[in-house]
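# Curious how this folds, go ahead:
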Amino acid sequence: MEIFILKCSDKYTEYKFKSFINSEYKNIDIKERKYFLKNTHDNSLGFKKNSWSIPLLEKSNRGIKGDCHFLKNSLINIFSKNFVNKLGDILEEQGVLFPIKVEDRDDYFYRYWVINELNEKAVDINCSLGEMKKVFEESISNRKLYDIATNTPCIRKEYLENISIFRLKGSNLMYVTETIVNYIDKYKLKGFLFTKVGNTV
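The predicted structure follows:
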């Protein structure tokens, strides 16, 4: 099974924060989402303690309208209602959706927080680094080896049972399997950029 990094294409409109809509969308179950709340260091937009305040975004450039867009000056991607409708069950099983209002679009967009985080045990370092492992391990720690391996990860199959969207510990990237890529191709969703980075072993 192939592993990809999912990003939004920079050919599509980039948005930036404008203000908050005067409402709160409370959708964080503290008992179930303790991990989520501990990991909002780069994801503060919209969060107020245990609730989500809906942000309003405006265009920051003249791009193309699609189903996947960047939020300016961040690693945050936002996804269209069309994308959420097409992949709804998969998304809801593997993450949390938070609504976002975008000025020039009729439907809501969504911020998606992936709750499947895989740790070092899921990554086969030897496979991920290949012949370069010997070069790296002579000069850097095992922790650094793992960090490098997240760029081209070989994920052990048993860790991806019923998982098609995940993050790796220490990385803010969204990794997906070919299942997600195939759905996006099937439904002709626009604005997604996939970079093949690894496989399962």
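# Can you list the buried residues in stretch 78-87?
Judged by neighbour count using 16 or more other CB atoms under 10 Å, the buried positions of stretch 78-87 are 78-80, 83-84, 86-87. Using the backbone N, CA and C atoms, a C-beta is placed for each residue, glycine as well.
# Contacts for that stretch, please.
Taking CB atoms under 8 Å, 6 or more residues apart in numbering as the criterion, the residues outside stretch 78-87 that touch it are 8, 15, 57, 66-71, 91, 97, 100, 102, 105, 107-112, 180, 183-184, 187, 189.
# So which of the residues you listed sit within strands?
In strands, judged by DSSP state E, the following of these are found: 8, 15, 57, 68-70, 97, 100, 102, 109-112.
# Could you export these as JSON lines, including distance to residue 146, neighbour count and pLDDT?
Formatted as JSON lines, the ones in strands among the contacts of stretch 78-87 follow (distance: CB to CB, whole Å; neighbours: other CB atoms under 10 Å; pLDDT from 0 to 100):
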{"residue": "8", "distance to residue 146": "27", "neighbour count": "22", "pLDDT": "94"}
{"residue": "15", "distance to residue 146": "33", "neighbour count": "26", "pLDDT": "92"}
{"residue": "57", "distance to residue 146": "35", "neighbour count": "24", "pLDDT": "92"}
{"residue": "68", "distance to residue 146": "28", "neighbour count": "21", "pLDDT": "96"}
{"residue": "69", "distance to residue 146": "31", "neighbour count": "28", "pLDDT": "95"}
{"residue": "70", "distance to residue 146": "27", "neighbour count": "23", "pLDDT": "87"}
{"residue": "97", "distance to residue 146": "30", "neighbour count": "18", "pLDDT": "87"}
{"residue": "100", "distance to residue 146": "33", "neighbour count": "26", "pLDDT": "90"}
{"residue": "102", "distance to residue 146": "37", "neighbour count": "21", "pLDDT": "93"}
{"residue": "109", "distance to residue 146": "33", "neighbour count": "25", "pLDDT": "94"}
{"residue": "110", "distance to residue 146": "31", "neighbour count": "19", "pLDDT": "92"}
{"residue": "111", "distance to residue 146": "27", "neighbour count": "20", "pLDDT": "89"}
{"residue": "112", "distance to residue 146": "25", "neighbour count": "20", "pLDDT": "89"}
